[in-house]
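1. This is a predicted model, with the sequence first.
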Amino acid sequence: MRIVLIGPPGAGKGTQCQRLVEYLDIPHLSTGEMLRQAVLDKSREGQQAASYMESGQLVPDELIVGMISKRLMRPDCRSGCLLDGFPRTLRQAATLDEFLERQAMTLDGVIELSVPRDELVRRMQHRKREDDDPEIFARRIASFERQTAPLLDYYARQKKLVSIDGLGSADEIFGRVQAAIDGFAARQRQADDDQG
Ligand code: ADP
């Protein structure tokens, strides 16, 4: 199963992603993690990305698309994967759709983890990642609202989006994630039936 998880910074995406990849036994493709590793490795991509990341801006589409398409071509992604942090702009989403079509792959569903802004700010005050400085965090939220939120509409129009409430315990939220996955699986079976 191929899934995208979308949520603003501080929504708890990391926790849910971890559980979800274990549950579905698929690779976890986190562009944030890939970029942080690239920065540590001082690779060309890492050097290009560093200043954007430090200031809470998105890195250029070309850079991220190159990185994620290489990863998606690896054999372990054949039967599925969880995309976390990508796509993040409409342009990235359109590029992903084209890429998947060329590879004869499909996206089974998109899950939005929805959390109100004041709760995000409250949660951030308890975290301590480097780019969690209040000003930069605010910029990351603004970037989510401006650049990533339009994707929700994009995927809703494709009838791929399920929005779930991101408030509650990690277990409660994961229950909602599982229900969304069950829905995607049922739809996949339906589509297979319709075909043959
Ligand atoms: P967040 O907690 O905001 O979801 P991530 O760990 O996903 O953060 O990403 C950290 C940083 O890496 C982002 O602030 C951004 O600079 C960069 N980044 C990650 N994914 C993308 C992407 N798909 N497009 C552009 N920039 C990205």
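-> Perfect, thanks for sending it. Every value quoted in this text rests on a predicted model; they were computed, and no experiment measured them.
2. In the protein, what residue spans correspond to strands?
-> Using DSSP state E, the strands found in the chain span residues 2-6, 28-30, 81-84, 109-114, 161-165.
3. for these, which one sits closest to Leu151?
-> With respect to Leu151, and counting by CB to CB, the nearest of the strands of the chain is strand 2-6 at 6.3 Å. (C-beta placed from N, C-alpha, C; glycine too.)
4. before we move on, the earlier item: need the strands of the chain in CSV (columns: mean neighbour count and mean pLDDT).
-> What follows is these, written out as CSV (neighbours: other CB atoms under 10 Å; pLDDT from 0 to 100):
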stretch, mean neighbour count, mean pLDDT
strand 2-6, 23, 98
strand 28-30, 20, 98
strand 81-84, 23, 98
strand 109-114, 22, 98
strand 161-165, 17, 98
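5. Now do the contacts for the spatially most central residue of the chain.
-> Closest to where the C-alpha atoms of the chain average out (CA atoms, centre = their mean) is Asp84, at 2.7 Å. Asp84 makes contact with 5, 13-14, 17, 28-32, according to CB atoms under 8 Å, 6 or more residues apart in numbering.
6. From those, pick the one nearest Met105.
-> Looking across the contacts of Asp84 and measuring by CB to CB, the closest to Met105 is Leu29, at 12.9 Å.
7. Could you tell me what pLDDT the model assigned to the residue of the chain found nearest the ligand?
-> When you check the chain against the ligand by CB to the nearest ligand atom, the closest residue turns out to be Gly32, at 2.0 Å. pLDDT, Gly32: 95.
8. Excluding chain neighbours, what is closest to it?
-> Leaving aside its sequence neighbours, Gly32 sits nearest to Gly85 (CB to CB, 6 or more residues apart in numbering; 4.6 Å).
9. circling back: so the residue nearest to the centre of the chain bridges to which residues?
-> Leu5, Ser30 (DSSP bridges).
10. what's the spacing between it and Arg122?
-> Using CB to CB, to the nearest Å, Asp84 is found at 23 Å from Arg122.
11. likewise Pro150?
-> Pro150 is 25 Å from Arg122, by CB to CB.
12. Check Ala11 too.
-> 12 Å.
13. And the helix ranked longest in the chain, what does it pack against?
-> When the chain is parsed with DSSP state H, its longest helix is helix 170-195. Contacts defined by 3 or more CB pairs under 8 Å, 6 or more residues apart in numbering; DSSP states H and E place helix 170-195 against helix 13-24, strand 109-114, strand 161-165.
14. Can you list the strands that the second one pairs with?
-> Same thing as strand 109-114. Strand 109-114 has the following strand partners under DSSP bridges: strand 2-6 (parallel), strand 161-165 (parallel).
15. Good, we can wrap up now.
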